[in-house]
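# Okay, sequence plus prediction incoming.
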Amino acid sequence: MLNLQITQLCHHFINEYVAEGSVCIDATAGNGYDTAFLCSLVGDSGHVLAFDIQQKALDNTAARLLKLGLSDRAEIIRDSHCNMHKYTPEASVDCIVFNFGYLPDGDHSVCTHADTSVAAINTALSLLKKGGLLSLCVYSGGDTGFEEKTAILNFVKGLSQKQYTVLRIDYYNKSNNPPMPVMIIKL
């Protein structure tokens, strides 16, 4: 049975878009769970770029990949997700994954922000191949507030329906501002 936690729900969608030989980006590497998942899907002939600005996140990701024997499938990059375009050409990526907010068990003062997150999403859309998937785990409340969530949702709502399909999934009966998965498919 499908686990309905946000990351597992996103992984369910990602699994449909990523295959052996795919090129993927984990725009917010964090503790490496999404990076490892993408590496397991791309196989030996694929490649994953994992970005984060925090060394702790990159170290956690590298350790996870090493433990799972997946290190050779990923390139770990200390840079902002806003700079993804410097590492791969336009229309070359099958799937890009974002988990907004802060590093779990990390410094909560270091977190994603509305302006840079929207800019990174815009950049990510240009990197996606036609038929590619952009997976967003959008959090609100707590340390990050609602500004980022509102900015992201306003941005993706304005995307051309001729170029993108945007799916917003709400945990409708959950309290305390549950996270929101958003899937964008490039047509």
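Received it, and whenever you're ready, just let me know what you need.
# switch to C-alpha atoms for all contacts and neighbour counts from now on
Will do.
# Now do the strands in this structure.
According to DSSP state E, the chain carries its strands in the segments 23-26, 47-52, 74-78, 93-99, 128-138, 164-168, 180-186.
# what does the shortest one contact?
Contact with strand 23-26 is made by 18, 34-35, 38, 42, 46-51, 92-98, as judged by Cα atoms under 8 Å, 6 or more residues apart in numbering.
# Just checking: what are the partner strands of that strand?
Paired neighbours of strand 23-26 in the sheet (DSSP bridges): strand 47-52 (parallel), strand 93-99 (parallel).
# Can you dump the C-alpha atoms of the longest one in PDB for me?
Written as PDB, here are the backbone C-alpha positions of strand 93-99 (Å, rounded to 0.1, in the frame of the first residue of the first chain):
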ATOM      1  CA  VAL A  93      16.700  16.700 -17.300                       C
ATOM      2  CA  ASP A  94      14.000  14.100 -16.800                       C
ATOM      3  CA  CYS A  95      13.100  15.000 -13.200                       C
ATOM      4  CA  ILE A  96      13.900  17.700 -10.700                       C
ATOM      5  CA  VAL A  97      13.000  17.400  -7.000                       C
ATOM      6  CA  PHE A  98      12.600  20.100  -4.400                       C
ATOM      7  CA  ASN A  99      11.900  19.900  -0.700                       C
END
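# Look up the closest residue to Leu68, ignoring the ones flanking it.
Closest residue to Leu68 apart from its sequence neighbours, by Cα to Cα, 6 or more residues apart in numbering: Ala36 at 7.9 Å.
# Wait, that neighbour touches Arg64, no?
Yes: with contacts counted by Cα atoms under 8 Å, Ala36 reaches Arg64, the gap being 7.2 Å.
# neighbour count winner among those two?
More crowded of Ala36 and Arg64, by other Cα atoms under 10 Å: Ala36, with 25 against 18.
# how close does the more buried one sit to Leu128?
Distance, Ala36 to Leu128, by Cα to Cα, to the nearest Å: 20 Å.
# sorry, back to before: looking at the residue nearest to Leu68 now. What's its pLDDT?
What the model reports as pLDDT for Ala36 is 98.
# got the contact list for it?
Contacts of Ala36 (Cα under 8 Å, 6+ apart): 61, 64-65, 68, 70.
# Can you flag the buried ones in these?
61, 64-65, 70 (16 or more other Cα atoms under 10 Å).
# and which of these is nearest to Gly30?
For those, the minimum distance to Gly30 (Cα to Cα) is 6.9 Å, reached by Thr61.
# How about the closest one: what's its closest non-neighbour residue?
Thr61 sits nearest to Gly32 (Cα to Cα, 6+ apart), 3.9 Å away.
# burial measure for the one you found, as a count.
Neighbour tally, Gly32, other Cα under 10 Å: 22.
# Adjust the sequence numbering to begin at 39 for everything that follows.
OK, 39 is where the count begins now, so the last one is Gly70.
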